[in-house]
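In: I need the structure of the sequence given here:
(one chain, ligands or ions: 1)
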Amino acid sequence: MADNIKIEIVTPERYVISESAQIVMAPGTLGEFGVLPGHTPFLTSLEIGKVRYKDAGGHERIVFVSGGFAEALPDKVTILAESAERMEEIDYERAKAAYERARERLESRKENVDYARAQAAFYRAAARIKITDSGGTLH
Ligand code: ATP
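Out: Residues are numbered from 1 along each chain as shown. As a prediction, this is how the structure comes out:
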């Protein structure tokens with residue numbers, strides 16, 4: 001069995017990562033799951049949150065994902081997300097501004113607010129902030 005699996009994270013805009021990993025952890029809708037080389041194939045939807053993996057050199061990496069889908073094969077994990085950024089790419093101030101915008105929308109009583117959309121934006125911003133605040137700590 002191979003020592004590594006390939007991990008690819010793709011959005012409609014770009015390839016976010018395409019790398020070798022020793023292990024991949026992802027926020028499945030039914031809970032966080034881990035994939036090691038040789039894993040039984042499966043397909044799942046994802047929550048807003050972080051994908052973490054150990055790269056071929058043993059370094060922990062974190063990528064924000066806005067939900068989406070993951071396909072695990074014995075030698076590859078593919079993640080399709082509407083948006084995703086490597087931790088180092090997250091613009092903290094932008095996430096803070098998005099968080100405040102979404103919070104104000106959720107708190108307002110205006111009729112023209114799309115609450116589901118504001119809620120999703122709020123969760124995305126909160127996850128980006130949390131990932132950055134964790135500074136790479138994996139828990
Ligand atoms: P915003 O309101 O700031 O656009 P959003 O949650 O609505 O936030 P998304 O729809 O998830 O944004 O993403 C749109 C694009 O902007 C994607 O390419 C995503 O990677 C990028 N993006 C969004 N927020 C950030 C951020 N804080 N840092 C880096 N890239 C971001």
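In: So what are the structural domains in this protein, by residue number?
Out: 5-87, 91-132 (automatic domain parsing).
In: Can you tell me which of these is packed in deepest?
Out: domain 5-87 (a mean of 17; mean count of other C-beta atoms under 10 Å). To be clear about C-beta, it is placed using only N, CA and C from the backbone, and glycine gets the same treatment.
In: how distant is it from the center of its chain?
Out: 8 Å (C-alpha atoms, centre = their mean, to the nearest Å).
In: Endpoints of that domain, how far apart?
Out: 21 Å (C-alpha to C-alpha, to the nearest Å).
In: Quick one: name the residues of the protein near the ligand.
Out: 13, 66, 83, 85, 89-91, 94-95, 98, 121, 124-125, 128 (C-beta under 6 Å from any ligand atom).
In: what are the ranges of the helices in this structure?
Out: Counting by DSSP state H, the chain has helices at residues 92-107, 115-134.
In: Next one, pLDDT for residue 111 please.
Out: The per-residue pLDDT reported for residue 111 equals 81.
In: The ligand versus that one, what's the distance?
Out: 22 Å (C-beta to the nearest ligand atom, to the nearest Å).
In: Show the backbone phi and psi for that residue.
Out: Backbone geometry at residue 111, expressed as degrees, to the nearest 10, gives phi -70, psi -30.
In: that older thread, can you redo the residues of the chain next to the ligand as JSON lines with pLDDT?
Out: Output for the residues of the chain next to the ligand, formatted as JSON lines (pLDDT from 0 to 100):
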{"residue": "13", "pLDDT": "96"}
{"residue": "66", "pLDDT": "98"}
{"residue": "83", "pLDDT": "97"}
{"residue": "85", "pLDDT": "98"}
{"residue": "89", "pLDDT": "97"}
{"residue": "90", "pLDDT": "98"}
{"residue": "91", "pLDDT": "98"}
{"residue": "94", "pLDDT": "98"}
{"residue": "95", "pLDDT": "98"}
{"residue": "98", "pLDDT": "98"}
{"residue": "121", "pLDDT": "97"}
{"residue": "124", "pLDDT": "98"}
{"residue": "125", "pLDDT": "98"}
{"residue": "128", "pLDDT": "98"}
